[in-house]
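# sequence first, predicted coordinates after that:
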Amino acid sequence: MYSEFIERLQDLLKRVNVLEEPLHTEEGTARIRELEGKMAQAGFWDLGDRAQEVISEVKKLKGEIEPVVSAAGTVADLLELAAIGEEENDAASLNDLEADASALEQKLEKLELRALLN
């Protein structure tokens, strides 16, 4: 019962990993933190056009990276919950987890389409 579901989640994790590769999510996340640090510095908002460039870069990076990072976190959480459910032989939780996985699949399909079009 849970073993098939866990395999499904592992396939979702592979799909997320494929999306993460070209985005270099770790580097992008570090760059977001770096830019947000600059934005927090005194006088940043006095920079005018340069401030707008930094804001635009942060928005672009967040729009590309955060949905994929969120999906990766969701898959990891679902895998952990599935392992617990399997260990406890909890059939009731499986329905909830399957609903969450279906929602994640829809999200991944949109992310994959967006990646394909870019």
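Alright, I've got the coordinates. Residues are numbered from 1 along each chain as shown.
# quick one: low-confidence ranges for this protein?
The model of the chain has no residue with pLDDT under 70.
# all helices for it, in order.
2-23, 25-40, 49-88, 91-117 (DSSP state H).
# mind putting those into CSV with mean neighbour count?
Placement of C-beta: from N, CA and C, glycine included. As requested, these are exported to CSV (neighbours: other CB atoms under 10 Å):
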stretch, mean neighbour count
helix 2-23, 15
helix 25-40, 14
helix 49-88, 15
helix 91-117, 13
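# contacts only, for residue 94.
Going by CB atoms under 8 Å, 6 or more residues apart in numbering, residue 94 touches 1-2, 5, 82, 85.
# taking those together, which two end up most distant?
Using CB to CB, the pair of these lying farthest apart is 1 and 82, separated by 10.3 Å.
# that older thread, closest to residue 102 among the contacts of residue 94?
Among these, and counting by CB to CB, the member closest to residue 102 is residue 5, at 11.2 Å.
# skip the chain neighbours and tell me the closest residue to that closest one.
Closest residue to residue 5 apart from its sequence neighbours, by CB to CB, 6 or more residues apart in numbering: residue 82 at 5.7 Å.
# repeat for residue 68
That would be residue 19: by CB to CB, 6+ apart, it lies 4.9 Å from residue 68.
# who touches that neighbour in this structure?
Counted by CB under 8 Å, 6+ apart, residue 19 has contacts 68, 71, 108, 111-112, 115.
# if you set the cut-off to 7 Å instead, what comes out?
68, 111-112, 115 (CB atoms under 7 Å, 6 or more residues apart in numbering).
# before we move on, what about residue 92?
With CB under 7 Å, 6+ apart, residue 92 has no contacts at all.
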